[in-house]
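Chemist: Need a 3D model of the following:
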Amino acid sequence: MLVAVHLVRSVPGPTDTSGSSASPAATTTAPTVTGGRIATPTDAGFPSPPEGALVLGREAKSYALGLALAPEDGRTLVRVSVVGGDGPVSHLAVRFGTTVLSACDAGCYQATIAAMPHGTVTVTLGKASYGFAVPAGTTADGSTIVTKAAETWRDLTTLVWHENLGGGEGTTLHVLYQAVAPDELAYTISTGSAARIIGGFRWDRATAKGK
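Modeler: Model (predicted):
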């Protein structure tokens, strides 16, 4: 549900391969949880969204907060995931509306409710509440809109997009990306650093006045 959450503070740039590599720690088998898991080199996996779930996410102060809603035997499984800078956050008091969610693993909280909600719903962590907008008429099958989005994306010859990277603690990086098919990409970060990539060649600048 919250893939790559540790990238919220990362800055795009070349990878340093000069250091020595160490073998990843041995993984352990985690208990079964509905929807499976997202594996990492050192962990058996953070609980992934249940199959067929509507998945939403947002910042919650210094946490990344995810909400999954999945139809299940005429009812709806609600799963909330909470991840901080050091990984999954456990031992929180979590509610979905007025429903108290039970822990389903580290950083994972869930319960089953009567029906799929629509409109604005609220997830509460302790005393702080966070809203999510659930689209009207939401169904479990999003394949049509995903297929259409993929077709549109692949047909583009140029694309410009803006990205904000923040950890919820007051520091936000703004990044402007510009792409030209099939093999040109440029990005500029609000700190002044930038890169240009054309085919197999890349140029990087560390500051706005740098070479």
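
Chemist: all helices of the protein, in order?
Modeler: 143-155 (DSSP state H).

Chemist: so where's it shaky on pLDDT?
Modeler: For the chain, the stretches flagged by pLDDT under 70 are 1-36, 39-44, 137-141, 167-170.

Chemist: can you list the domains in it?
Modeler: Segmentation of the chain into domains, based on automatic domain parsing, reads 5-9+27-140, 156-205.

Chemist: Kindly compare burial across those and name the winner.
Modeler: Each of the domains of the chain was scored by mean neighbour count; the highest is domain 5-9+27-140, a mean of 16, by mean count of other Cβ atoms under 10 Å. C-betas here are computed from N, CA, C, even on glycine.

Chemist: hmm, back to that, can you add distance to residue 211 and give the domains of the chain back as CSV?
Modeler: What follows is the domains of the chain, written out as CSV (distance: least, Cβ to Cβ, whole Å):
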stretch, distance to residue 211
domain 5-9+27-140, 26
domain 156-205, 7
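
Chemist: Just tell me which of those domains ends up closest to residue 148.
Modeler: The closest of those to residue 148 is domain 156-205. By Cβ to Cβ, the value is 13.3 Å.

Chemist: Distance from the closest one to the middle of the chain?
Modeler: 19 Å (Cα atoms, centre = their mean, to the nearest Å).

Chemist: swap in stretch 62-72?
Modeler: Counting by Cα atoms, centre = their mean, stretch 62-72 comes out at 10 Å from the chain centroid.

Chemist: Okay, the residue lying farthest from the centre of the chain and residue 150: tell me how far apart.
Modeler: Residue farthest from the centre of the chain, counting by Cα atoms, centre = their mean, is residue 211 at 33.9 Å. Counting by Cβ to Cβ, to the nearest Å, the gap from residue 211 to residue 150 is 38 Å.

Chemist: Now residue 93. Nearest residue, chain neighbours left out?
Modeler: Spatial nearest neighbour of residue 93, excluding adjacent residues (Cβ to Cβ, 6 or more residues apart in numbering): residue 126 at 5.5 Å.

Chemist: do the same with residue 49
Modeler: residue 68 (4.1 Å).

Chemist: Beta-bridge partners for that neighbour, please?
Modeler: Beta-bridge partners for residue 68, by DSSP bridges, are residue 55, residue 79.

Chemist: That one and residue 47 touch, don't they?
Modeler: No - contact criterion Cβ atoms under 8 Å: residue 68 and residue 47 do not qualify, at 9.2 Å.

Chemist: one step back: hang on, the residue farthest from the centre of the chain packs against residue 205?
Modeler: Yes - between residue 211 and residue 205 a contact is recorded at 6.6 Å, counting by Cβ under 8 Å.

Chemist: ok, the residue nearest to residue 49 to residue 165 distance?
Modeler: 23 Å.
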